[in-house]
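1. make a model of this:
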Amino acid sequence: MEPMTMAAMLGVQFLGNAFSGLGAREQAKAQARLTKAENLVNKANTEAANTIREANNELGVAIGSLNRFRQNASNRQVLRQYGQEQEQIQTNLSRAMSDLQRGALEDRLDTAFELGSLAAYAAAAGVGGGSKNVLNSTIRMTNARKQAALEQQGDQMTYDALTLLTNTQADAYMALDSSLILDQLDLMPQQFIPQFVQKAPSVGQTLFNAAIQTVGSNPQLTQQTLDGFRSTAPPRHQSQVGRSDFYGSVSLRV
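-> Take a look at the predicted model:
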């Protein structure tokens with residue numbers, strides 16, 4: 001096979017590889033542009049998401065503060081209400097105890113009046129001795145029984161009032177809102193990680209790769225082509241002799 005024919009075959013393969021490489025280069029350039037565009041969009045989306053997250057965090061702080069304020073106001077209202085109830089209980093107990101003390105004092109005064117009347121009547125009638133003593137003891141025992149009943153009634157009222165105060169305090173504690181109100185916060189910002197942009201090879205690199213691919217896929221044809229061109233090339237010493245004869249003829253003519 002002629003060297004020129006083999007060279008033409010290699011040239012056709014080279015052109016095919018070159019066009020294929022150039023096509024792949026255009027695809028790589030298009031993919032690089034697409035990747036850059038996707039990076040821009042992803043970066044913008046990440047920044048927008050972080051902006052929305054910060055705004056939601058600010059809203060969460062505001063809502064949390066408002067809920068805690070409402071909780072505090074509600075608890076103060078509960079304490080105020082039960083405090084008024086306890087104050088009313090204490091006022092009622094104080095009034096009842098005052099009434100008991102007033103009644104006990106009136107009973108003692110009545111007893112003293114009866115004893116004085118008995119002593120005056122006994123002196124006027126000339127009655128004395130055992131009869132007078134029995135009447136005095138009866139009056140005193142009746143007064144002591146009344147005083148004991150009043151004291152027992154006062155103790156019972158005090159116990160009932162203290163029990164009611166204790167229950168009221170327990171009810172107030174149970175009515176308080178002790179739930180923990182936390183702000184709804186998103187503390188995980190989104191991170192933008194760009195995609196790697198594969199740079200497209202240059203035209204020279206593409207052609208060089210096409211040549212390497214052509215030679216690598218056809219080593220025997222390439223070697224035969226080179227050998228064919230070497231066999232058809234004139235010997236080097238003949239060209240040198242020709243040049244010396246040419247220079248000699250030129251010198252003789254001069």
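2. in the chain, which spans are helices?
-> Assigned by DSSP state H, the chain shows helices spanning 3-125, 130-175, 203-217, 219-232, 236-253.
3. among those helices, show the one with the smallest mean pLDDT.
-> Among the helices of the chain, helix 236-253 carries the lowest mean pLDDT, at a mean of 42.
4. and N17, how far is that from Q31?
-> Look at N17 and Q31: by CB to CB, to the nearest Å, they are 20 Å apart. C-beta here means a position set from N, CA and C on the backbone, and glycine is covered the same way.
5. and A148, how many neighbours?
-> Applying other CB atoms under 10 Å, we find 10 residues neighbouring A148.
6. distance-wise, check it relative to Y159.
-> A148 is 16 Å from Y159, where distance means CB to CB.
7. equivalent analysis for Q86, please.
-> Between Q86 and Y159 the computed distance is 16 Å (CB to CB).
8. T46 and P194: what is the separation?
-> For T46 relative to P194 (CB to CB), the value is 10 Å.
9. which one of those two is surrounded by more residues?
-> Using other CB under 10 Å, the more surrounded residue of T46 and P194 is T46, with 15 against 12.
10. quick one: residues contacting the closest residue in space to that one that isn't next to it in sequence.
-> In this structure, T46 finds its nearest non-sequential neighbour in F192, 4.1 Å apart by CB to CB, 6 or more residues apart in numbering. Residues near F192 by CB atoms under 8 Å, 6 or more residues apart in numbering: 42-43, 46-47.
11. what is the neighbour count of S20?
-> S20: 13 surrounding residues under other CB under 10 Å.
12. likewise N17?
-> Look at N17: counted by other CB under 10 Å, it has 19 neighbours.
13. from V203, how far out is it?
-> 14 Å.
14. repeat that for V78.
-> 83 Å.
15. and the two? Which one has more around it.
-> Taking other CB under 10 Å, V78 and V203 do not tie; V78 has more neighbours (17 against 12).
16. identify the residue spatially nearest to that one, adjacent ones excluded.
-> A175 (4.8 Å).
17. that neighbour contacts R76, doesn't it?
-> No. Using CB atoms under 8 Å, A175 is not in contact with R76; the gap is 11.9 Å.
18. which of those two has more neighbours?
-> Between A175 and R76, counted using other CB under 10 Å, A175 has the larger neighbour count: 14 against 11.
19. for D155, the count of nearby residues, please.
-> 10.
20. can you check K43 too?
-> 13.
21. check D160 too.
-> D160: 13 surrounding residues under other CB under 10 Å.
22. separation between it and G103?
-> Taking CB to CB as the measure, D160 falls 18 Å from G103.
23. residues in contact with D186?
-> Residues in contact with D186 (CB under 8 Å, 6+ apart) are 53, 56-57.
24. distance to Q153 added to these, as TSV?
-> Shown next, in TSV, are those (distance: CB to CB, whole Å):
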residue	distance to Q153
R53	70
N56	65
N57	64
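25. between these, which is nearest L207?
-> Of all those, L207 sits closest to R53, with 50.7 Å by CB to CB.
26. dump the residue contacts of the closest one.
-> So R53 contacts 186, 189-190 (CB under 8 Å, 6+ apart).
27. ok, 10 Å please
-> If you count contacts by CB atoms under 10 Å, 6 or more residues apart in numbering, R53 has them with 185-190.
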